[in-house]
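Visitor: Coordinates only, no sequence provided:
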């Protein structure tokens, strides 16, 4: 992401130059200049700005006319007005039609006030954009799901899960969804949200395994500006962003113990403590957590809090692996063929008897996610007509290849063998830590911790 873009509008070349020079000196922004309101509108059509700093009295189109035009267009860019010394009425007029703030030219504190106002304006603009993004995503999700059950499957296991979810969807109860990787845990969470009375609110997802331990607390609970090194602006946490809707914590088993205790407090008190904040912030969210790990074993191993486990385990849905519900294969295959036909403009109409039989015999170690990849590849290779068995290109269950083990000879310490195995597996997986961790049957967090022990800077990636 580049620097925030600021537009400075003033017909007075000297004044405009002074403001631009001051802002450029901070090296915090990318600065654009306009000589009047009409010129500013032309530039705004080409660029996306985080804030506008504008004089009021200008030829062709003055600052108030510029502001009025932007308001009528629905533009939410913070608009900062520069007024002549003592011109309070003009400032009041500007604020009444939508200006974010005003500042008097020529005052001793002009530059200090401008800097402070701009920092807040840019933060506001970022929050508005984030809120708009989440609102759009959730409107799309709501439209796609239409408040109905969307998880594909008619097997007895899935029907039983669906029946229970339809009963509890509109409650506030926390839901734990477990199952192997690729079984569709996120789709269950999205269906619960869409069927609930929170469907009009945000649906926010956090992948606990993908966040470095040093960032997860800030990501979840937010922080105030200056709370720690690098906290250059206030940040809303995912709990606040999900207020009024649903928060999905994916791979909850990867959450550090210290953050687990804070999560427990949030669930009990329904409020979050921002890092560096003065007071707790109330939140109204429905929490859904997912994991492919056995949390009861994690509790026994001391890596997951027992009290948090019981707090999360109000309703528990264990998704069966695809190999245990082969009756759902025809519906899933039909769905994915239709999806990739539409995406690519293809016309694959059926599946050959040989391909159908091969799919029935395959165990799908990657579950629904693997099936989708197989069908996508087959549809692209086929384009039209019937999917053949050869187009499926079914592989074997994932295992650590023999070549990875070639350096694991007798006489080495366990630590040496472990380190070589980790790096060999990472190389085999093209440095995909999630895939490598799954192959070695360890958590992503454990893998990162090992890399930290080795002094590897990629541990935080």
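Guide: Received, thanks. A quick note: this is a predicted structure, and the numbers were derived from the prediction, not measured.

Visitor: secondary structure element for residue 448?
Guide: helix 444-453 (DSSP states H and E).

Visitor: Show me the contact partners of that helix.
Guide: Residues from elsewhere that reach helix 444-453 (CB atoms under 8 Å, 6 or more residues apart in numbering): 209-210, 212-213, 251, 254, 256, 418-419, 422, 433-434, 436-437, 440, 458-460. Yep, even glycine has a C-beta here, placed from its N, CA and C like the rest.

Visitor: So how do I select the buried members of the residues you listed in ChimeraX?
Guide: Of the contacts of helix 444-453, the buried ones go into a single ChimeraX selection, burial set by 16 or more other CB atoms under 10 Å:
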select :209,213,251,254,256,419,422,433,434,436,437,440,459
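
Visitor: Tell me which of the contacts of helix 444-453 fall in helices.
Guide: 213, 418-419, 422, 433-434, 436-437, 440 (DSSP state H).

Visitor: For residue 270, state which of those is nearest.
Guide: Nearest to residue 270 among the ones in helices among the contacts of helix 444-453: residue 213, at 25.2 Å, using CB to CB.

Visitor: returning to what we had before: now render the ones in helices among the contacts of helix 444-453 as CSV, adding pLDDT and distance to residue 241.
Guide: Listed next are those as CSV, based on pLDDT from 0 to 100; distance: CB to CB, whole Å:
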residue, pLDDT, distance to residue 241
213, 76, 21
418, 82, 39
419, 85, 39
422, 87, 35
433, 82, 26
434, 77, 24
436, 81, 31
437, 80, 28
440, 78, 34
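
Visitor: which residues of the stretch 1-150 of the chain score low on pLDDT?
Guide: Applying pLDDT under 70 to the stretch 1-150 of the chain picks out residues 1, 85-86, 135-148.

Visitor: If we use 50, what do you get?
Guide: 145-146 (pLDDT under 50).

Visitor: And for the stretch 151-300 of the chain?
Guide: Using pLDDT under 50, nothing in the stretch 151-300 of the chain is flagged.

Visitor: That one: strands as residue ranges?
Guide: Per DSSP state E, counting those that start in this stretch, the stretch 151-300 of the chain carries strands over the ranges 175-178, 203-207, 222-223, 235-236, 246-250, 271-272, 281-282, 286-291.

Visitor: neighbouring strands for the longest one, and are they parallel or not?
Guide: Going back to what we said before, that points to strand 286-291. strand 175-178 (parallel), strand 246-250 (parallel) (DSSP bridges).

Visitor: what's the answer for the fourth one, then?
Guide: In the sheet containing strand 235-236, the strands it pairs with under DSSP bridges are strand 222-223 (antiparallel).

Visitor: now what about the strand it pairs with, what contacts it?
Guide: 231, 234-237, 239-240, 272, 274-277, 281.

Visitor: Centre of the chain to the helix holding residue 448, how far?
Guide: Remark: helix 444-453 is offset 23 Å from the chain centroid, using CA atoms, centre = their mean, to the nearest Å.

Visitor: if we can go back for a sec, quick check: which of the strands paired with strand 286-291 is nearest to residue 335?
Guide: strand 175-178 (20.3 Å).

Visitor: Contacts for that closest one next, please.
Guide: Residues outside strand 175-178 that contact it (CB under 8 Å, 6+ apart) are 168, 185, 188-189, 192, 252, 287-295, 312-319.

Visitor: how does it look with 10 Å?
Guide: Residues from elsewhere that reach strand 175-178 (CB atoms under 10 Å, 6 or more residues apart in numbering): 161, 165, 168-169, 183-189, 192, 246, 248, 250, 252-253, 286-295, 309, 311-319.

Visitor: Among those, name the buried ones.
Guide: Here, 16+ other CB under 10 Å leaves 161, 165, 169, 183-185, 187-189, 192, 246, 248, 250, 252-253, 286-292, 295, 309, 311-312, 315, 317, 319 buried among these.

Visitor: all helices for the stretch 51-200 of the chain, in order.
Guide: With DSSP state H, counting those that start in this stretch, the ranges of helices along the stretch 51-200 of the chain come out as 63-72, 88-96, 110-145, 156-168, 185-195.

Visitor: packing partners for the fourth one?
Guide: This means helix 156-168. Here helix 156-168 touches strand 175-178, helix 185-195, strand 315-318, going by 3 or more CB pairs under 10 Å, 6 or more residues apart in numbering; DSSP states H and E.

Visitor: got the angle between it and helix 185-195?
Guide: Going by axes from the mean of the first three to the mean of the last three CA atoms, to 10 degrees, helix 156-168 is angled at 40 degrees with respect to helix 185-195.

Visitor: Centre of the chain to helix 156-168, how far?
Guide: Computed by CA atoms, centre = their mean, the separation of helix 156-168 from the middle of its chain amounts to 28 Å.

Visitor: what do you get for stretch 44-64?
Guide: 33 Å.

Visitor: now do stretch 288-299
Guide: Averaged C-alpha coordinates place stretch 288-299 at 21 Å from its chain's average position (CA atoms, centre = their mean).

Visitor: Equivalent analysis for stretch 348-355, please.
Guide: On CA atoms, centre = their mean, the centre of stretch 348-355 falls 37 Å from that of its chain.

Visitor: can you pull the buried residues of that stretch?
Guide: Applying 16+ other CB under 10 Å to stretch 348-355 flags 348, 351-352, 355 as buried.

Visitor: ok, now stretch 114-132?
Guide: Result for stretch 114-132 [16+ other CB under 10 Å]: buried residues 114, 117-127.

Visitor: Mind checking the helices of the stretch 51-200 of the chain for the one nearest to residue 103?
Guide: Closest to residue 103 of the helices of the stretch 51-200 of the chain is helix 110-145 (CB to CB; 5.3 Å).

Visitor: so residue 209 touches residue 255, yeah?
Guide: Yes: with contact defined as CB atoms under 10 Å, residue 209 reaches residue 255; the gap is 8.9 Å.
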